[in-house]
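> Turn this into a structure:
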Amino acid sequence: MSDNEAMMHGADDDLSLPRATVQKIIQEMLPNEMVCAKDTVTLIIDCCVEFIHLISSQANDICEKESRKTIAPEHILGALKELGFDSYIEEVESVLKEHKVQQKEREKKSNKLNKSEFTEEELLRQQEALFAASRARF
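Now for the predicted structure:
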């Protein structure tokens, strides 16, 4: 193992996924009467982190071959294919399309604020006035 790999591996020990989030995802997948042991959740988290490292490393290799400096979604799709995870590609593409739609919606909302005839301070004052009126009613 090179020094660089040792440093990267040492840093890997600090990386994880939020336990509560992983538990929530697991519970959504399991029938209501089933539970998942704590050490099983830990194992799943470790597997997920390892999978992320595997995919990102392969995507990085693809990116470097193309002399690019930023890993793009296409690099991730290529990594999945090269590593034999072809069955994931359709779902990943679907999630990517959904993400792009959500990004466009966020941009539209942001543009609405930017195109508003009111300044941000005026909008905040209006919001505070609405809150005050609402509190006064109750």
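> residue ranges for the helices of the protein, please.
According to DSSP state H, the chain carries its helices in the segments 3-12, 19-29, 38-65, 73-82, 86-115, 120-137.
> Turn those helices into TSV, columns for mean neighbour count.
Every residue, glycine included, has its C-beta placed from N, CA and C. Listed next are the helices of the chain as TSV, based on neighbours: other C-beta atoms under 10 Å:
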stretch	mean neighbour count
helix 3-12	10
helix 19-29	12
helix 38-65	14
helix 73-82	18
helix 86-115	11
helix 120-137	10
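> Centroid-nearest residue for the chain?
Geometric centre of the chain, nearest residue: His99, 9.8 Å, by C-alpha atoms, centre = their mean.
> What residues does that residue make contact with?
Taking C-beta atoms under 8 Å, 6 or more residues apart in numbering as the contact definition, His99 lies against nothing.
> Distance of it relative to Glu105?
Distance, His99 to Glu105, by C-beta to C-beta, to the nearest Å: 11 Å.
> ok, now Ser67?
Distance of Ser67 to Glu105, computed by C-beta to C-beta: 34 Å.
> same thing with Leu77?
Distance, Leu77 to Glu105, using C-beta to C-beta: 23 Å.
> domain ranges for this protein?
Domain assignment for the chain, taken from the TED database, gives 1-84, 89-137.
> want to try TSV for these, with mean pLDDT as columns?
Formatted as TSV, the domains of the chain follow (pLDDT from 0 to 100):
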stretch	mean pLDDT
domain 1-84	88
domain 89-137	85
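> ok, Gly133 to Phe118 distance?
One correction, residue 133 is Ala, not Gly. According to C-beta to C-beta, Ala133 stands 18 Å off from Phe118.
> again, but for Lys38
Taken as C-beta to C-beta, the span from Lys38 to Phe118 is 52 Å.
> just Asp39 next, same as before
For Asp39 relative to Phe118 (C-beta to C-beta), the value is 55 Å.
> And Pro31, by the same measure?
From Pro31 to Phe118 the distance is 51 Å (C-beta to C-beta).
> ok, these two, which is more surrounded?
Per other C-beta atoms under 10 Å, whichever of Pro31 and Phe118 has more neighbours is Phe118, with 11 against 6.
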